[in-house]
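**Q** Build me a model from this:
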Amino acid sequence: MAKYPQLNSVFQALADPTRRAVLGRLGEGPASISELAKPFDITLPSFMKHIHLLEESGWIQTRKEGRVRTCVIEKKSFAVVEAWLSEQRDIWEGRTDRLEHFVTTTHEKEQEQ
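**A** Okay, here's the model as predicted:
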């Protein structure tokens, strides 16, 4: 895990459906806090906790323009998750390949006897 120190916070941010919905919306383009909060039946201070967690975990960036705070998605977190998942896929494919080889050679040896 030392290779991906931010992985825990990245996945923790994805654990909540509100934060996943915010990321889904930001996948369409930048949005203001008020625009992002509109579909949710929660107070603005509660919603801001979600925004802060997404920002701290690296999923989004916010910038203030006048009185409006705008959020944009941060692609680096996607790259971290993709790299980790790719490594996991390689590990498990290697394990299943070895298992398949073991089963096949064991079966062939039994057939020879």
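
**Q** Flag every buried residue along the lengthiest helix in the chain.
**A** In the chain, with assignment by DSSP state H, the single longest helix is helix 75-112. By 16 or more other C-beta atoms under 10 Å, the buried positions in helix 75-112 come out as 77, 80-81, 84. Heads up, the C-betas are built off the backbone N, CA and C, glycines and all.

**Q** Now distance to Arg67 and pLDDT too, for the residues you listed, in a markdown table please.
**A** Shown next, in a markdown table, are the buried residues of helix 75-112 (distance: C-beta to C-beta, whole Å; pLDDT from 0 to 100):
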| residue | distance to Arg67 | pLDDT |
| --- | --- | --- |
| Ser77 | 28 | 83 |
| Val80 | 33 | 85 |
| Val81 | 34 | 86 |
| Trp84 | 38 | 88 |
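
**Q** List of residues touching stretch 43-51?
**A** Contact with stretch 43-51 is made by 16, 18-19, 22, 33, 36-37, 40, 60, 62, 71, as judged by C-beta atoms under 8 Å, 6 or more residues apart in numbering.

**Q** Go through these and flag which are in strands.
**A** When the contacts of stretch 43-51 are checked against strands (DSSP state E), the matches are 60, 62, 71.

**Q** What about the nearest residue to the first one once chain neighbours are set aside, how many residues nearby?
**A** This means Ile60. Nearest residue to Ile60, sequence neighbours excluded (C-beta to C-beta, 6 or more residues apart in numbering): Leu54, at 4.6 Å. Leu54: 29 surrounding residues under other C-beta atoms under 10 Å.

**Q** Give the buried residues for the helix or strand hosting Leu54.
**A** If you go by DSSP states H and E, Leu54 is part of helix 44-56. Neighbour counts using 16+ other C-beta under 10 Å place 47, 50-51, 53-54 of helix 44-56 among the buried residues.

**Q** quick check: angle from it to helix 75-112?
**A** 60 degrees (axes from the mean of the first three to the mean of the last three C-alpha atoms, to 10 degrees).

**Q** so how far is helix 44-56 from its chain's centroid?
**A** Distance of helix 44-56 from the chain centroid (C-alpha atoms, centre = their mean, to the nearest Å) equals 16 Å.

**Q** That'll do, ta.
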